[in-house]
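Engineer: Show me the folded form of this:
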Amino acid sequence: MFPTRALLGRSVWKVLPNLPPIRTTKRSATILPNFVGLKFSIHNGKTYQDVLITEEMVGRKLGEFVLTRKRFSYKLSKNK
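Structural biologist: As a prediction, this is how the structure comes out:
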């Protein structure tokens, strides 16, 4: 397991390689404790969105943190 940045001093994590996020379309995958501190790119049906895994997310599903639908709102026209 990789140490998280919170446990390391600044000079140590500055040297760690900045790994690219793990790309996945598996929204139903359960988040495990060894995922903490990793960055995932989760597919929402159109694009990939980056999510950083924290301790509070353990036990939940990856898809819970990426929305698949846009917000809808009615726009009132001012020319009535």
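Engineer: quick one: the strands in this protein?
Structural biologist: 22-24, 39-43, 48-52 (DSSP state E).
Engineer: the bottom helix or strand of the protein by mean pLDDT?
Structural biologist: helix 10-15 (a mean of 61; mean pLDDT, DSSP states H and E).
Engineer: what bridges to the residue most central in space within the chain?
Structural biologist: Central residue of the chain (CA atoms, centre = their mean): V51, 1.0 Å from the mean position. Here V51 shows beta-bridge partners F40, assigned using DSSP bridges.
Engineer: got a pLDDT number for it?
Structural biologist: Note for V51: predicted pLDDT of 95.
Engineer: my guess is it contacts F65, does it?
Structural biologist: Yes: with contacts counted by CB atoms under 8 Å, V51 reaches F65, the gap being 4.9 Å. The C-beta positions use only the backbone N, C-alpha and C, and glycine is treated the same way.
Engineer: got any residues that touch both of the two?
Structural biologist: Taking CB atoms under 8 Å, 6 or more residues apart in numbering as the contact rule, the neighbours common to V51 and F65 are I42.
Engineer: JSON lines for the strands of the chain, including distance to K61?
Structural biologist: Rendered in JSON lines, the data for these read as follows (distance: least, CB to CB, whole Å):
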{"stretch": "strand 22-24", "distance to K61": "12"}
{"stretch": "strand 39-43", "distance to K61": "10"}
{"stretch": "strand 48-52", "distance to K61": "11"}
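Engineer: Which of those strands has the highest mean neighbour count?
Structural biologist: For these, average neighbour numbers computed from mean count of other CB atoms under 10 Å are highest in strand 39-43, which has a mean of 18.
Engineer: tell me the mean pLDDT over it?
Structural biologist: Model confidence over strand 39-43 averages 96 on the pLDDT scale.
Engineer: for it, packing partners?
Structural biologist: Counting contacts by 3 or more CB pairs under 8 Å, 6 or more residues apart in numbering; DSSP states H and E, the secondary-structure elements packed against strand 39-43 are strand 22-24, strand 48-52.
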